[in-house]
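A.B. asks: coords please:
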Amino acid sequence: MASTETTTGTTADAPVKDGSGLVGLEAGLDALESSATSRTSFRQTFVGKILPPVLAIAVVLVIWQALITLKVVDDPTKLPSPADVWGEVKDAWLQGRLLGYIWTSVSRGLLGFLLALAIGTPLGLLVARVKFVRAAIGPILSGLQSLPSVAWVPPAVIWLGLNNSMMYAVILLGAVPSIANGLVSGIDQVPPLFLRAGRTMGATGLKGTWHIVMPAALPGYLAGLKQGWAFSWRSLMAAEIIASSPDLGIGLGALLENGRNASSMSMVFEAVILILFVGIAIDLLIFSPLERRVLRSRGLLVKS
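C.D. replies: Purely as a prediction, here's the structure:
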């Protein structure tokens, strides 16, 4: 009887120990998750995200000014000082022209990108899902993506003239292949198991594309969108530089060309800095949050 009771007590205690171990493990995982997803302080955000780019800009400005002060480059027609460039930006702001330069280019770029998105997305789906279309159009899309966008400006001017239609045509020819190829690449990386599971649950045709294919291909598609915006912006700047006209208004590319014609390096640097500023701002305000949200939804990025 004693040995039986001892054995029974031992076997009865084992589940209790295992249960307490599982409870402890679950509590530890909950604590880890809560600590990982807790809100970061302003100091951590400042040190991790704000301070590094500010320091990088400060270093660039110090080196830039040092080249002027030490007379490494003593010709202001080749390298203006940061103060001269800031004065050019300030004058454009006070005269009410600065926002006009930016808005002329940004409005064209965003509208052209949206048009490219509307064309490139169904084209990418068609290429990815239909073998004959991929064999026929796939190499052409890859070739168009590698073609410099500036090459489309002369034929677009001849075909359409100096107007906004020419600008949008150049943007489309530069951005559509990147968006389509990004979507094709994302769809190619979708595990076949997802497609089979979708067909089993009745998600076929457009329903399968919307509920299975597109969500699974979203990371690759988003990468294609970022590249498509970069091509849109570059194509627009090339078109504005080459095909400048008073009827088209003065965008950032035209401002850059005006600075070259006037031999004003301050204006040239002003245009370059504004072009960089807009490109970085669009990425930080639109594409980076989208990318973080997609990665976080897939458990690939810890929410902070």
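
A.B. asks: so which helix or strand takes in residue 244?
C.D. replies: Per DSSP states H and E: residue 244 is located in neither a helix nor a strand.

A.B. asks: I'd like the numbering to begin with 432 instead of 1 from here.
C.D. replies: Sounds good: first residue 432 from here, last item residue 675.

A.B. asks: if I look at it, how far off is residue 716?
C.D. replies: 28 Å (CB to CB, to the nearest Å). Glycine gets a C-beta too; all of them are placed from N, C-alpha and C.

A.B. asks: which intervals of the stretch 482-631 of the chain have sub-threshold pLDDT?
C.D. replies: Across the stretch 482-631 of the chain, nothing is flagged by pLDDT under 70.

A.B. asks: what do you get if the cut-off is 80, keeping everything else the same?
C.D. replies: Regions of the stretch 482-631 of the chain meeting the criterion pLDDT under 80 cover residues 482, 505-507, 621-631.

A.B. asks: From residue 508, how far off is the most centrally placed residue in the chain?
C.D. replies: Nearest to the geometric centre of the chain sits residue 657, at 3.3 Å (CA atoms, centre = their mean). Residue 657 sits 37 Å away from residue 508 when distances are taken as CB to CB.

A.B. asks: Show me which residues of stretch 587-603 are buried.
C.D. replies: 587-588, 591, 597-603 (16 or more other CB atoms under 10 Å).

A.B. asks: can you map out the helices along the stretch 582-731 of the chain?
C.D. replies: 584-591, 595-619, 623-631, 636-639, 645-647, 649-673, 683-692, 696-713, 719-728 (DSSP state H, counting those that start in this stretch).

A.B. asks: Export those as JSON lines, with columns for distance to residue 568.
C.D. replies: Shown next, in JSON lines, are these (distance: least, CB to CB, whole Å):
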{"stretch": "helix 584-591", "distance to residue 568": "20"}
{"stretch": "helix 595-619", "distance to residue 568": "9"}
{"stretch": "helix 623-631", "distance to residue 568": "22"}
{"stretch": "helix 636-639", "distance to residue 568": "21"}
{"stretch": "helix 645-647", "distance to residue 568": "20"}
{"stretch": "helix 649-673", "distance to residue 568": "16"}
{"stretch": "helix 683-692", "distance to residue 568": "30"}
{"stretch": "helix 696-713", "distance to residue 568": "29"}
{"stretch": "helix 719-728", "distance to residue 568": "27"}
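
A.B. asks: Which stretch among those helices approaches residue 574 most closely?
C.D. replies: Proximity to residue 574, assessed across the helices of the stretch 582-731 of the chain by CB to CB, is greatest for helix 595-619 (8.3 Å).

A.B. asks: Please name the residues that touch residue 655.
C.D. replies: Contact partners of residue 655, counting by CB atoms under 8 Å, 6 or more residues apart in numbering, are 551, 555, 609-614, 616-617.

A.B. asks: ok, the closest residue to it other than its chain neighbours - contacts?
C.D. replies: Distance criterion CB to CB, 6 or more residues apart in numbering; nearest residue to residue 655, sequence neighbours excluded, is residue 613 at 1.3 Å. Contacts for residue 613 (CB under 8 Å, 6+ apart) come out as 555, 651-656, 658-659.

A.B. asks: quick revisit: tell me the pLDDT at the closest residue to the residue nearest to the centre of the chain other than its chain neighbours?
C.D. replies: Distance criterion CB to CB, 6+ apart; nearest residue to residue 657, sequence neighbours excluded, is residue 718 at 4.9 Å. At residue 718, the model reports a pLDDT of 88.
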